[in-house]
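Participant: Can you look at this prediction? I've put the sequence above it.
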Amino acid sequence: MSSASRLTKTYKNAKIVPINDCSKIIMFSDCHRGDNSFADDFANNRNIYFHALSHYYDNGYVYCELGDGDELWENKSFKSLFRAHKNVYLLMSKFHQEGRLHLIWGNHDMVYKNPKYVKKHLSSYTDPKTEQEIPLFPDLVYSEGVVLKHETTGKEIFLAHGHQADWWNYLFWTWSRFLVRILWKPLQIIGIADPTSPAKNHRELIKIEKRIKNWIHENNNLMTVIGHTHRPRFPKTGEIPLFNDGSCVHPRSVTGIEINEGEISLIKWYTSIKKDGTLQIVKTTLEGPRELEGYQV
Ligand SMILES: [Mn+2]
């Protein structure tokens, strides 16, 4: 199967999420939530991410996570991730309980493709004090793709992780996972990066973007948002409408894409130092806001 047919299959099987002119949506991806060890890239940004997500929760946003949310190559069990970042999962659980959470799997959490695995590991957790089972993500449905579909105009925005256009990471992800576990995780700690990851290989990244842009072009310029490459992307109107929300493992910042009442922006949350020496977490808009309509022909 080619990149194009994998993308088409993902689009056809996507979960449809209705939106309207008042919808507020935040998209993050590539959090790579780990076990809080030295190899856990998310741990450095955990406070920034938690603060940002709390802001979106309080302001009525729907959270769409575009894959590689959990780092299940370096880590074998969800339990160690949950223990390391419990506040984050409990916040995501609140989104879920209010029907405001849509999760997409990527190559690092491809095990979530299996509904039985999701049910077994994510439905509940054991409270360490009372030993009671507490609901976490009951009846959670993971998807390979999501289509945000406007209730009245029918216009669509396609969301996927993007590894569908990366044949090595789509087909041989179990090999990649094996290599990460035995080789790249120990090397990462001393600063050597996995060369098969598009996030660390510029030439691969360009090829993946190109394949997805071709697919978008062949599919009537369908507005598409991906992650996977960790490179934020925000096209001008009139260009091929391929957006990328970046990642939550940039050094000292997280990037994401917001949709707010018919407008789209690329945003960044980071820590800044105030004059009195205290730290604060702030948001800046990198691109936009621009009207969605400009991208949807
Ligand atoms: Mn990925």
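Facilitator: Received it, and whenever you're ready, just let me know what you need.

Participant: Can I get the helix-or-strand element of the chain with minimal mean pLDDT in CSV? Just the C-alpha atoms.
Facilitator: None of the helices or strands of the chain scores lower by mean pLDDT, DSSP states H and E than helix 185-189, at a mean of 73. Only the C-alpha atoms of helix 185-189 are listed here, as CSV (Å, rounded to 0.1, in the frame of the first residue of the first chain):
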residue,chain,number,x,y,z
LYS,A,185,17.0,5.1,24.4
PRO,A,186,20.3,4.5,26.1
LEU,A,187,22.1,6.6,23.4
GLN,A,188,19.5,9.4,23.7
ILE,A,189,20.6,10.0,27.3
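
Participant: How far away from the center of its chain is the next helix-or-strand element following it?
Facilitator: Next helix or strand after helix 185-189 toward the C-terminus (DSSP states H and E): helix 202-218. Its chain's average C-alpha position is 18 Å from that of helix 202-218, according to CA atoms, centre = their mean, to the nearest Å.

Participant: heads up, I number from 577, so please use that
Facilitator: Fine by me, first position is 577 from now on; the one you just mentioned is helix 778-794.

Participant: near the ion, anything from helix 778-794?
Facilitator: No: residues of helix 778-794 are not located near the ion by CB under 5 Å from the ion, the shortest gap being 9.9 Å. All C-beta spots, glycine's among them, are computed from the backbone N, C-alpha and C.

Participant: Parallel or antiparallel, list what pairs with the helix or strand just after that helix.
Facilitator: Scanning forward in sequence from helix 778-794 by DSSP H and E, the next helix or strand is strand 799-802. With DSSP bridges as the test, strand 799-802 is paired with strand 732-736 (parallel), strand 818-820 (parallel).

Participant: What pLDDT does the model give the closest residue to Val801 other than its chain neighbours?
Facilitator: Distances taken as CB to CB, 6 or more residues apart in numbering place Phe819 nearest to Val801, at 4.4 Å, with adjacent residues excluded. You'll see Phe819 listed with a pLDDT of 98.

Participant: Phe819 contacts Thr831, correct?
Facilitator: No: contact criterion CB atoms under 8 Å: Phe819 and Thr831 do not qualify, at 11.3 Å.

Participant: Could you pull out the residues contacting both of those two?
Facilitator: Shared contacts of Phe819 and Thr831 (CB atoms under 8 Å, 6 or more residues apart in numbering): Leu842.

Participant: that older thread, in a markdown table, list the strands paired with strand 799-802 along with distance to the ion and mean neighbour count.
Facilitator: Putting the strands paired with strand 799-802 into a markdown table (distance: least, CB to the ion, whole Å; neighbours: other CB atoms under 10 Å) gives the following:
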| stretch | distance to the ion | mean neighbour count |
| --- | --- | --- |
| strand 732-736 | 11 | 25 |
| strand 818-820 | 11 | 24 |
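
Participant: Select, out of those, the one closest to Pro774.
Facilitator: Closest to Pro774 of these is strand 818-820 (CB to CB; 11.0 Å).
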